[in-house]
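Undergrad: model this:
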Amino acid sequence: MKQKLNDLSQRYVTALRKRLKPGARAGLQPALAIGRQAVALGVETLELARIHERAVTSLELASRKDGFLKRAEIFFTEALTPIVATHCAARQSKTDLNRLKEALGRRTLELAGANLQLKRGLHRRKRIEAALRKSGDHYARLLQDSLHLQEGLRQLTHRVLAAQEEERKKISRELQDEVAQTLLGLNVRLLALKQESRLNTKGLKLEIASTQQLVTKSASSVRRIAREYRKL
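TA: Reported below is the predicted structural model:
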């Protein structure tokens, strides 16, 4: 039975597609033939409505606005005629048919709304994906710039430290040279004092005073260089 219903559904889709082709004649025979086949299989109104709904979905008629959906409803109504004719209570069948048509119309509108929501969801997803790709590229560029800046800062720090080290070495050499010169001068003065102490007491006092000035000057120089060294 299931296979027979599937065959009927396929014939329904084929007949409906032919009916909706431009220039197709609006005769009742194809729809009536489908209806008679449905009666022969014992198909009731609700089952035929499901077959019609699947055909509308298969042919993508819910989203079309060119009159195809209305023509499909007429085809469905025509296909129902043999089934309705088999019912004893014709009036009740007509009421059921109207209700079914209303339900079918509502279902069609629901399908159209769902299809519209699906399209909007797809567009929204594409926009989000594009935004994510753009954001990823932006952060990748920021990361690359950050790495470049970090490398530049590292090189600058290296150059500053190298310059400071060179300046320390320079000051150290100057301090050593000046202290060495001062000590050498003191040594010469002490030797002179040693010789002078034997000959001239007055001259010895002058030499001592001069030597004290040299020591004071040397101490000032050492303190000055030490201050400059601490600033580095």
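Undergrad: ok, residue 113 to residue 125 distance?
TA: Distance of residue 113 to residue 125, computed by Cβ to Cβ, to the nearest Å: 18 Å. Glycine gets a C-beta too; all of them are placed from N, C-alpha and C.
Undergrad: for this structure, what spans make up the helices?
TA: Taking DSSP state H as the test, the helices found in the chain are 2-20, 29-41, 45-58, 68-85, 90-196, 201-230.
Undergrad: Which residues are in contact with the residue most central in space within the chain?
TA: In the chain, the centroid-proximal residue (Cα atoms, centre = their mean) is residue 132; its distance is 2.2 Å. By Cβ atoms under 8 Å, 6 or more residues apart in numbering, the contact set of residue 132 is empty.
Undergrad: quick one: least confident helix or strand in this structure?
TA: One helix or strand of the chain scores below all others by mean pLDDT, DSSP states H and E: helix 201-230, with a mean of 72.
Undergrad: next one: it to chain centre, how far?
TA: Its chain's C-alpha centre and that of helix 201-230 lie 73 Å apart, by Cα atoms, centre = their mean, to the nearest Å.
Undergrad: could you check the angle helix 90-196 makes with it?
TA: 170 degrees (axes from the mean of the first three to the mean of the last three Cα atoms, to 10 degrees).
Undergrad: okay, now residue 21: neighbour count?
TA: A count of nearby residues for residue 21, using other Cβ atoms under 10 Å, gives 7.
Undergrad: what does residue 70 give?
TA: 11.
Undergrad: Mind pulling the model confidence for residue 103?
TA: Residue 103 is assigned 82 on the pLDDT scale.
Undergrad: which residues does it contact?
TA: residue 49.
Undergrad: run the last query once more with 10 Å
TA: Listed by Cβ atoms under 10 Å, 6 or more residues apart in numbering, the contact set of residue 103 reads 46, 49, 53.
Undergrad: residues contacting the last one?
TA: For residue 53, the set of contacting residues under the criterion of Cβ under 10 Å, 6+ apart consists of 62, 76, 103, 104, 107, 108, 111.
Undergrad: how close does the residue nearest to the centre of the chain sit to residue 126?
TA: In terms of Cβ to Cβ, residue 132 sits 11 Å off from residue 126.
Undergrad: what's the answer for residue 168, then?
TA: 63 Å.
Undergrad: Of the contacts of residue 53 - the most surrounded one?
TA: residue 76 (25 neighbours).
Undergrad: Ignoring the adjacent residues along the chain, who's closest to that one?
TA: residue 52 (4.5 Å; Cβ to Cβ, 6 or more residues apart in numbering).
Undergrad: Check residue 11 too.
TA: Excluding the flanking residues, the one nearest residue 11 by Cβ to Cβ, 6+ apart is residue 34, at 6.4 Å.
Undergrad: ok, that neighbour to residue 227 distance?
TA: As judged by Cβ to Cβ, residue 34 and residue 227 stand 109 Å apart.
Undergrad: of these two, who's got more company?
TA: Under the criterion of other Cβ under 10 Å, the comparison of residue 34 against residue 227 puts residue 34 first, with 27 against 9.
Undergrad: Make sure that one is actually in contact with residue 7.
TA: No: applying Cβ atoms under 10 Å as the test, residue 34 and residue 7 come out as separate, 11.4 Å apart.
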